Every structure is written in C-alpha cells, then in structure tokens.
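I'll drop the sequence and a predicted model, then ask my questions.
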Amino acid sequence: MRIDPALRALRSEPTPQRIAQDVLFAARDAWRERDDWKALSQDIESYGNGADLGSCAALAALFADPARAGRFAREFTAHFLPAIAKAPLAQFPSRHIVNGSVSTLLLAAKGRAVLSLVAFDGETLAGRPRAQTVGFSDGERHEMVLAGRGSGLLVRGRELSDKRMELSTDPLDLVPGFGASIDTSRESIVIDGAEGRLVTLRLLRMTENPRPIRDYALADGAFLHQSAGETKQSRLELMIALLGRMRRADAAPLMAAMAIADGAAVAPHLRWQALRECIALDTAEGFRALCRIARDEEDPLVVPAGALRAQLIESHPVLLGLEEKELTCPA
C-alpha cells in the first residue's frame with residue numbers, strides 16, 4: 001500500500017501533528033472572538049433553551065435575509081480556508097459528517113439547537129433511487145438555500161392511526177434565497193436532486209422529551225420504522241443492549257429502576273427495552289418490575305406489560321410465586 005510522504009511524516013513524529021492541529025485550533029479561537037459570532041452564539045444558546053426565534057435578533061436575521069445568510073457563510077469559509085491550506089492534514093475543529101450525497105458541518109450546538117452548513121452533491125444524488133420514505137420528529141427546522149440549485153418536496157402529514165399517515169406533497173424549487181420554516185412533527189423537506197452542489201444553512205431545534213422519529217412510506221403513508229428522538233436516548237439504548245449481550249447481571253437493578261421510572265423522565269420505548277433486558281439478565285428482578293408496571297393503570301406501558309406478564313406466567317407458572325411474594329412484602 002502506498003502511503004503519501006506527508007502522511008508518513010506525520011505518522012513518524014507526533015509533534016508535526018500537534019503543530020498542524022494547533023493551526024486549526026487558533027483559527028477556531030479567533031473566530032469565536034468575533035463580536036458578530038459572539039452575538040450569534042448567544043442567540044443560539046437562548047434559542048436552544050426554548051426562546052422564540054423572533055426574540056433572537058442575530059439568529060433570526062440569518063433566516064430572514066438571504067444576503068446576510070450568504071455573507072455569514074462566505075465569511076466563515078474565508079476565515080478558515082487559509083488555516084486549512086496551511087495545515088491540510090489537520091482535523092477540522094468542529095463535527096462534520098459525510099453521508100453519501102450529504103455533507104454536514106456543525107457550526108454550533110447549544111441546548112436543543114444545532115446550526116449547520118449542509119451540502120448536497122448533485123452527481124451522487126442523481127445516482128440514487130428517489131426517496132421512498134419520509135421521517136417526522138418533534139421539533140422545528142429552518143432552512144435557507146445559500147448556493148446552487150436543487151429540487152425537492154415539502155411533505156405534510158396528518159396522523160390517521162398509529163400505523164398510518166395521510167401524506168400530501170408540494171414540489172420545491174430550491175434556489176439561492178429560498179427559505180422555509182417547518183414543524184418537523186408534521187412536515188418534512190425531502191431533497192431529491194441538485195445541479196452541481198446545493199448548499200444550505202440549517203437550524204434545528206428538538207422539543208423537550210421528543211417522541212421517537214417515525215418513518216413512513218411516501219407512496220401510501222404506511223408506518224415503517226421508528227428510532228430514538230434524541231442522541232441521549234440512542235446512547236442509552238446501545239448501552240442497555242451491550243450490557244445485555246455481555247450478560248452483566250449486576251446491571252439488572254439499574255435496568256429495573258429505569259423500567260419503572262416516571263414516563264416523563266424516561267421515554268416509554270427506552271423503559272420497555274430496559275425491562276426486557278432486565279428480565280433476560282435477572283428473571284426475579286425483571287418480573288417484579290414488570291408486575292409493578294402492569295398494576296399501574298396510569299402507566300403508558302400498562303397494556304403491553306399486562307400482556308407480557310400473562311404470557312410469562314402461562315409459560316412459567318413458578319413466576320406467580322415471585323409476584324405473590326412481592327405483594328406480601330412491605331413497600
């Protein structure tokens with residue numbers, strides 16, 4: 001395998017790596033000292049903590065004035081490009097993701113708000129099948145097209161049942177200056193084409209305790225899949241699953257406590273996963289938690305918990321003894 005001499009030099013000695021990284025860190029620190037960025041950063045923090053966008057003057061102006069949004073993006077890139085040219089192998093000091101045809105550069109994350117630059121590659125988009133699904137999540141999204149041209153759909157959904165949405169679509173002509181603000185719990189923007197590269201400025205804010213993200217088929221609105229509505233929940237789900245696969249029985253009491261927690265503190269789907277893993281790791285601990293949930297008429301999990309309790313007792317009658325023992329023990 002051929003290794004570029006510049007990469008070989010960096011691998012051979014850690015000092016050049018640190019020097020290169022310091023160049024980008026210095027550029028980042030200088031950017032953060034700009035008065036305009038300080039004002040914007042304060043607004044992002046206020047918005048992320050629940051303030052109305054209209055009360056955040058600097059932030060709201062970006063999505064009300066296309067010229068101002070474009071100027072902001074140009075100043076940001078002009079500030080960092082010399083540092084990148086000087087240290088091309090250093091890691092950019094902000095989270096950035098490339099996912100197929102979409103590249104995302106996080107500019108700021110404060111509270112529940114995230115400001116990003118997003119680029120869509122037209123060539124890659126053209127080689128992909130047209131979108132077949134649409135997702136809805138609890139929050140709001142503001143988008144401003146800065147450069148390029150593209151096409152997409154604004155999808156609106158009305159919930160008919162737990163398993164189906166009534167969907168309607170409107171075509172979008174995405175050109176510089178196009179802006180949109182949507183309620184992501186019932187609206188979604190699907191970008192399906194671009195000429196060259198389409199670049200947008202995007203602001204997202206989740207609601208507090210968001211419900212799971214739900215995906216539906218664009219063709220008929222049928223429910224397809226759901227996933228955690230926030231990163232914290234995803235991490236907890238992975239941790240619970242990992243502890244279960246590692247057979248860490250010592251984690252069962254913690255899982256039981258999570259399963260019987262107040263629904264406002266832990267999402268129902270996360271509680272249910274913790275309960276299932278707890279039963280698998282420590283049957284007695286998990287079954288006692290299951291019975292507590294099944295007896296609480298106010299618990300949103302009371303119906304599935306009751307069904308699972310009945311199923312387990314039918315298969316393993318000895319479990320009745322565990323429930324009777326719990327009922328006779330003082331609280």
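That came in fine, so what should we check first?

going forward, measure contacts between C-alpha atoms and count neighbours the same way
Noted.

all strands for this structure, in order.
96-99, 102-110, 113-121, 133-136, 139-161, 164-174, 179-183, 187-206, 213-217, 223-227 (DSSP state E).

The third one pairs with which strands, parallel or anti?
This points to strand 113-121. strand 102-110 (antiparallel), strand 187-206 (antiparallel) (DSSP bridges).

ditto for the fourth one
Strand 133-136 has its sheet partners listed here by DSSP bridges as strand 213-217 (antiparallel).

I'd like the mean pLDDT over the strand it pairs with, please.
The average pLDDT for strand 213-217 rounds to 91.

what residues does it touch?
Defining contact as C-alpha atoms under 8 Å, 6 or more residues apart in numbering, one finds that strand 213-217 is touched by 132-138, 164-165, 222-229.

just the buried members of these?
For these, a burial check counting by 16 or more other C-alpha atoms under 10 Å picks out Thr133, Val134, Gly135, Phe136, Ser137, Asp138, Arg164, Met165, Ala222, Phe223, Ala228, Gly229.

Pull out the buried positions in stretch 177-191.
By neighbour count on 16+ other C-alpha under 10 Å, the buried set for stretch 177-191 is 177-179, 181-182, 184-191.

cool, stretch 162-173 as well?
Applying 16+ other C-alpha under 10 Å to stretch 162-173 flags Arg164, Met165, Leu167, Thr169 as buried.

The last one and Asp36: what is the separation?
With the distance defined as C-alpha to C-alpha, to the nearest Å, Thr169 ends up 38 Å from Asp36.

cool, the first one as well?
The spacing between Arg164 and Asp36, counted by C-alpha to C-alpha, is 46 Å.

Kindly report the same for Ser94.
Using C-alpha to C-alpha, Ser94 is found at 19 Å from Asp36.

try Trp272
Distance from Trp272 to Asp36, by C-alpha to C-alpha: 46 Å.

quick one, helices of the stretch 201-331 of the chain?
Counting by DSSP state H, counting those that start in this stretch, the stretch 201-331 of the chain has helices at residues 231-245, 252-259, 268-281, 283-295, 302-315, 319-328.

Reformat those as JSON lines; add mean pLDDT and mean neighbour count.
Output for the helices of the stretch 201-331 of the chain, formatted as JSON lines (pLDDT from 0 to 100; neighbours: other C-alpha atoms under 10 Å):
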{"stretch": "helix 231-245", "mean pLDDT": "84", "mean neighbour count": "15"}
{"stretch": "helix 252-259", "mean pLDDT": "91", "mean neighbour count": "22"}
{"stretch": "helix 268-281", "mean pLDDT": "89", "mean neighbour count": "22"}
{"stretch": "helix 283-295", "mean pLDDT": "90", "mean neighbour count": "21"}
{"stretch": "helix 302-315", "mean pLDDT": "90", "mean neighbour count": "15"}
{"stretch": "helix 319-328", "mean pLDDT": "66", "mean neighbour count": "14"}
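
who wins for proximity to Leu81 among those helices?
Smallest distance to Leu81 across the helices of the stretch 201-331 of the chain (C-alpha to C-alpha): 30.6 Å, for helix 231-245.

Just the CA atoms of that closest one, as CSV, please.
C-alpha atoms of helix 231-245 as CSV (Å, rounded to 0.1, in the frame of the first residue of the first chain):
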residue,chain,number,x,y,z
THR,A,231,-28.9,11.3,20.8
LYS,A,232,-29.0,10.7,24.6
GLN,A,233,-31.8,8.1,24.1
SER,A,234,-29.8,6.3,21.4
ARG,A,235,-26.7,6.1,23.6
LEU,A,236,-28.8,4.6,26.4
GLU,A,237,-30.4,2.1,24.1
LEU,A,238,-26.9,1.0,22.9
MET,A,239,-25.6,0.8,26.5
ILE,A,240,-28.6,-1.3,27.6
ALA,A,241,-28.2,-3.7,24.6
LEU,A,242,-24.5,-4.0,25.2
LEU,A,243,-24.9,-4.8,28.9
GLY,A,244,-27.5,-7.4,27.9
ARG,A,245,-25.2,-9.0,25.4
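
so what secondary structure elements neighbour that helix?
Contacts defined by 3 or more C-alpha pairs under 8 Å, 6 or more residues apart in numbering; DSSP states H and E place helix 231-245 against helix 268-281.

what's the helix it packs on in contact with?
Contacts for helix 268-281 (C-alpha under 8 Å, 6+ apart): 233, 236-237, 240-241, 244, 247-249, 251-253, 255-256, 258-261, 285-287, 289-290, 300-301.

where in the chain is pLDDT low?
Counting by pLDDT under 70, the low-confidence segments of the chain come to 1, 6-7, 9-14, 228-230, 262-265, 323-331.

need the longest helix for it.
Ordering each helix of the chain by length in residues (DSSP state H) puts helix 66-86 first.

Buried residues in it, which are they?
Buried, per 16+ other C-alpha under 10 Å, within helix 66-86: Pro66, Ala69, Gly70, Phe72, Ala73, Phe80, Ala83, Ile84.
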